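Asks: Please find the sequence and the predicted model below.
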Amino acid sequence: MENRVTKNLYFIPYALWIALFVIAPILLVLYYSFFNIEGALSLENYQKFFTPVYLKMTLSSFWYAFLITAITLLIAYPTALLLTKTRHKYLWLLLLIVPSWINLLLKAYAFLGIFGTYGMANSFLEVIGIGSQQILFTDFSFVFVSVYIFIPFMILPIFNALNELNPTLIDAANDLGASRLTTFWRVTLPLTLDGVKVGCQIVFIPALSLFMLTRLIAGNRVITLGTAIEQHFLVTQDWGMGSTIAVFLIIIMFLFMKLTGSRKRGI
């Protein structure tokens, strides 16, 4: 009985945190979504969301989020696999994670200098004879910087999944005559899919709502749902429409988490 009371007491701060900082903001956003720009109760915002402008913006957000997640995964998985085979793997992992501690705004401004007209990237292109190019304010610069920022968050869950993999399973596959490629596809990858899914969640969800990088790095050439929310809240002062977009963004995020969620597998 005392253990149950103690557990309930420990649960109170967690429940308060969830109620105040998760449930309450979602309900507040949902509430504001039913008011138009004049402050009248209306479904106008929801009707407006299903117009071609916002549907195109939603597809654009999905495309960039998918592209960023896919490229990040293609880089992060081999990196995590290599890390697990190195001698000082935790030290190398720490060195890869350290850049994520730097403020996002500082990293964005750093890339403004690197990709600028007289930046390091164009200086390198001049040296190899290609000549100066417009790198900044392009889709390439936006995706490149986004991938750079999200890579540590993709590596960490995949590294943990690979690190927990029972090495005797790999030895068993080798003893049975499986090649390295077959072992990877039939043993390693299936048993580390949970780490991949977690990494995809960590990357895809924030990538879907990026807004600062779209302004600083892409120069507003890339428009996402996050950009639209910022525009409605800070520029047009249409909180209702901004809240409506946020509601759909929250729904999309929950659906993605549901689709990529899985039960813990063990051997």
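Replies: Nice, I can see it. Numbers count the residues shown, from 1 in each chain.
Asks: show me where pLDDT drops low in this protein?
Replies: For the chain, residues meeting the criterion pLDDT under 70 lie at 1-2, 262-267.
Asks: What are the contacting residues of stretch 141-156?
Replies: For stretch 141-156, contacts defined as CB atoms under 8 Å, 6 or more residues apart in numbering pick out 64, 67-69, 71-73, 75-76, 79-80, 83, 93, 96-97, 99-100, 104, 107-108, 111, 115, 135, 199-200, 202-203, 206-207, 210, 213-214, 217-218, 221-222. Using the backbone N, CA and C atoms, a C-beta is placed for each residue, glycine as well.
Asks: Can you turn the buried part of the residues you listed into a ChimeraX selection?
Replies: Buried residues within the contacts of stretch 141-156, by 16 or more other CB atoms under 10 Å, are selected in ChimeraX with:
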select :64,67,68,69,71,72,73,75,76,79,80,83,93,96,107,108,111,115,135,199,200,202,203,206,207,210,213,214,217,218,222
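Asks: Next step: the contacts of stretch 141-156 restricted to strands.
Replies: Of the positions in these, not one sits in strands, assigned by DSSP state E.
Asks: Which ones among the contacts of stretch 141-156 map onto helices?
Replies: Using DSSP state H, the members of the contacts of stretch 141-156 that fall within helices are 64, 67-69, 71-73, 75-76, 79-80, 83, 93, 96-97, 104, 107-108, 111, 199-200, 202-203, 206-207, 213-214.
Asks: And the residue nearest the centre of the chain, how far from Asn8?
Replies: Residue closest to the mean C-alpha point of the chain, counted by CA atoms, centre = their mean, is Val203 at 2.0 Å. The gap separating Val203 from Asn8 is 36 Å, by CB to CB, to the nearest Å.
Asks: Repeat that for Val98.
Replies: For Val98, the distance to Asn8 - CB to CB - is 40 Å.
Asks: got it, and Asp194?
Replies: From Asp194 to Asn8 the distance is 31 Å (CB to CB).
Asks: got it, and Thr182?
Replies: Taken as CB to CB, the span from Thr182 to Asn8 is 51 Å.
Asks: quick one, what contacts Ile217?
Replies: Counted by CB under 8 Å, 6+ apart, Ile217 has contacts Ala108, Phe111, Leu112, Phe115, Leu136, Phe137, Ser141, Phe142, Val145.
Asks: which secondary structure element contains Thr182?
Replies: helix 180-183 (DSSP states H and E).
Asks: Counting by contacts, list what that helix packs against.
Replies: helix 167-175 (3 or more CB pairs under 8 Å, 6 or more residues apart in numbering; DSSP states H and E).
Asks: separation between the residue nearest to the centre of the chain and Ile71?
Replies: 10 Å.
Asks: out of Thr182 and Asn8, which sits in the busier spot?
Replies: Thr182 (13 against 10; other CB atoms under 10 Å).
Asks: From Leu96, how far out is the closest residue to the more buried one other than its chain neighbours?
Replies: Ranked by CB to CB, 6 or more residues apart in numbering and with sequence neighbours excluded, the top spatial neighbour of Thr182 is Ala173, at 7.4 Å. Ala173 is 28 Å from Leu96, where distance means CB to CB.
Asks: and what of Tyr77?
Replies: 13 Å.
Asks: Any idea how far stretch 30-45 is from the middle of the chain?
Replies: 30 Å (CA atoms, centre = their mean, to the nearest Å).
Asks: For that stretch, report the contacting residues that lie outside it.
Replies: With CB under 8 Å, 6+ apart, stretch 30-45 has contacts from Tyr46, Thr236, Gln237, Asp238, Trp239, Gly240, Met241, Gly242, Ser243, Thr244, Ala246, Val247.
Asks: again with stretch 219-236
Replies: 37, 54, 57-58, 60-61, 64, 136-139, 142, 208-211, 214-215, 238-239, 241-242, 245-246, 248-249.
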